[in-house]
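> what's the 3D shape of this:
(4 chains)
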There are 2 protein chains.
Amino acid sequence: MSTTSQRIADVLAGRILRGELAPGQRITQDELAADLSASRIPVREALRILEQRGLVTLRANAGAWVASMSRRDLELSYEIRERIEPLLLLDSLPGLTDEHLDAMRTTQDEIAATDDVETFLDLDRRFHWTSYAGSSETQLSAIIARLWDTTQPYRRAFARLAGSQGSWVISAEHELLLEALRRRDGDVAAHVLSLHIRRTKVALLEHGDLLSTGG
Amino acid sequence: MSTTSQRIADVLAGRILRGELAPGQRITQDELAADLSASRIPVREALRILEQRGLVTLRANAGAWVASMSRRDLELSYEIRERIEPLLLLDSLPGLTDEHLDAMRTTQDEIAATDDVETFLDLDRRFHWTSYAGSSETQLSAIIARLWDTTQPYRRAFARLAGSQGSWVISAEHELLLEALRRRDGDVAAHVLSLHIRRTKVALLEHGDLLSTGG
DNA sequence: CGCGGTTGCAATGGATCCAATCAGACCCTA
DNA sequence: TAGGGTCTGATTGGATCCATTGCAACCGCG
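Presented below is the predicted three-dimensional model:
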């Protein structure tokens, strides 16, 4: 069995990523401890773990809050991803099996079929991370996972606003990516991925009001 | 005054970055607590803080170690830096004052004059981070700071092996960077920086034996 | 009526104590 | 003698209790 700290961190991370807790919202140690039937010690460690993942902001002698990003931070996050996710994809490609590609195929079909925002977010995440499954766990994947996590609330807000408009663009880009991966063409795949992220960034930032969920 | 956790984290980080503790070396909570006259609670939090900075590796019910990287991780760290440090530099450039540039000028003169490895590492770090001083604290600078921190032991090992050979190349690149920044030529500055990092990576990885310090 | 200081409470930070876990040595057996 | 199992010690993880900090309401003074 894992530690209590890790269990608490997992539960809290899930709540944040599912949007049950909004960016900027206060988190009190006592409350969480009582809620999960533990003392405050593992709660404090869990908050440290989530600070590390960028999901929580801590201030000494003041407390903890669900992390929120400035518009500039959000923009830079996408520009980082645009430059290093292709790196991870190239590192992953040699290790990608046909089973991985089949799984991506299936996931993409489900993406094209869904209208629910939460389902889409989940599937989109799965689609891309399956493409990274050929790479071993490194600092690179950790950094990217963190960027995905911290921007998740804003992706959700955007997806809600945009509705299903433009979802066909995403599907088209996913198809291009998938085809390039099948041909084992790393250069094209990396390029498509880079463009995919850049276009998402632009679309997302056009909605200036999506930062209203928290400062 | 800050918290005890933060103070312990700072002390331990300093020891690791100065090379007093080698990668892979065990850290026991009791020892650290006794050494710094504190209980184990803030020590545990300090270890979490340093795990966040990538300086310490934690395993549940087993303990803490000074973090070490695989060769592949080291290589990827440089490839990430090569792609995103130019981004930080471009973000910083509008905010860079003449005072910043003068400080870089002075630091570079000191770099050219020194033969001591520790002094060089310190000055080189200062040179580049001064060039980022025009940017506000974002996730981007945090990621890069982390990459600098975690690769520090290997930079040190390389600098010792290489001695002062090739230090003129570094100085030449720094001069090019400085000149481009003075002209406010972001494109050239970013390009020089990218090449600077890439060349450093290649030189560093040629020494396959520098990973001997820890596994 | 507005501002500064003070007081009280709520929440966090830290210390001590106890329980659970892991690593290694030792012993017993085949 | 080699292998496996058990037992013991050391170390980490967690709970309870106390100290400290920060925030806010309240009171007094100008």
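> can we go C-alpha only for contacts and neighbour counts from here?
OK.
> low-scoring pLDDT stretches of chain A, where are they?
Along chain A, the parts satisfying pLDDT under 70 run over A:1, A:208-215.
> residue boundaries of the strands in chain A?
Assigned by DSSP state E, chain A shows strands spanning A:26-27, A:56-59, A:63-66.
> With mean neighbour count and distance to B:Ala159 as new columns, can these be given to me in JSON lines?
Supplementary listing: the strands of chain A in JSON lines, determined by neighbours: other Cα atoms under 10 Å in any protein chain shown; distance: least, Cα to Cα, whole Å:
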{"stretch": "strand A:26-27", "mean neighbour count": "16", "distance to B:Ala159": "45"}
{"stretch": "strand A:56-59", "mean neighbour count": "18", "distance to B:Ala159": "37"}
{"stretch": "strand A:63-66", "mean neighbour count": "20", "distance to B:Ala159": "41"}
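> Quick one: closest of the ones you listed to chain B.
Using Cα to the nearest Cα as the criterion, the shortest distance between chain B and the strands of chain A is 10.3 Å, found for strand A:56-59.
> Against which helices or strands is that closest one packed?
Taking 3 or more Cα pairs under 8 Å, 6 or more residues apart in numbering or on different chains; DSSP states H and E as the contact definition, the neighbouring helices and strands of strand A:56-59 are helix A:40-52, strand A:63-66.
> Make TSV out of the strands of chain A and add distance to A:Leu88.
Formatted as TSV, these follow (distance: least, Cα to Cα, whole Å):
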stretch	distance to A:Leu88
strand A:26-27	34
strand A:56-59	26
strand A:63-66	28
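> Now render these as TSV, adding distance to DNA strand D.
TSV is the format used below for the strands of chain A (distance: least, Cα to the nearest atom of the strand, whole Å):
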stretch	distance to DNA strand D
strand A:26-27	12
strand A:56-59	9
strand A:63-66	9
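> centroid residue for chain A?
A:Trp148 (2.6 Å; Cα atoms, centre = their mean).
> one step back: looking at the strands of chain A, which is closest to A:Ser141?
Distances from A:Ser141 to each of the strands of chain A were compared using Cα to Cα; the shortest belongs to strand A:56-59, at 19.7 Å.
> what lines up beside the closest one in the sheet?
In the sheet containing strand A:56-59, the strands it pairs with under DSSP bridges are strand A:63-66 (antiparallel).
> what about the partner strand, near DNA strand C?
Yes. Strand A:63-66 comes into contact with DNA strand C when judged by Cα under 7 Å from any atom of the strand, the residues involved being A:Gly63, A:Ala64.
> which residues are in contact with that strand?
When contacts are defined by Cα atoms under 8 Å, 6 or more residues apart in numbering or on different chains, strand A:63-66 is touched by residues A:16, A:21-28, A:47, A:55-58.
> before we move on, what about stretch A:174-191?
Defining contact as Cα under 8 Å, 6+ apart, one finds that stretch A:174-191 is touched by A:Pro86, A:Leu87, A:Leu89, A:Leu90, A:Leu93, A:Leu101, A:Met104, A:Arg105, A:Gln108, A:Val192, A:Leu193.
> Can you flag which of those residues belong to helices?
Cross-referencing these with the helices (criterion: DSSP state H) gives A:Pro86, A:Leu87, A:Leu89, A:Leu90, A:Leu101, A:Met104, A:Arg105, A:Gln108, A:Val192, A:Leu193 as the overlap.
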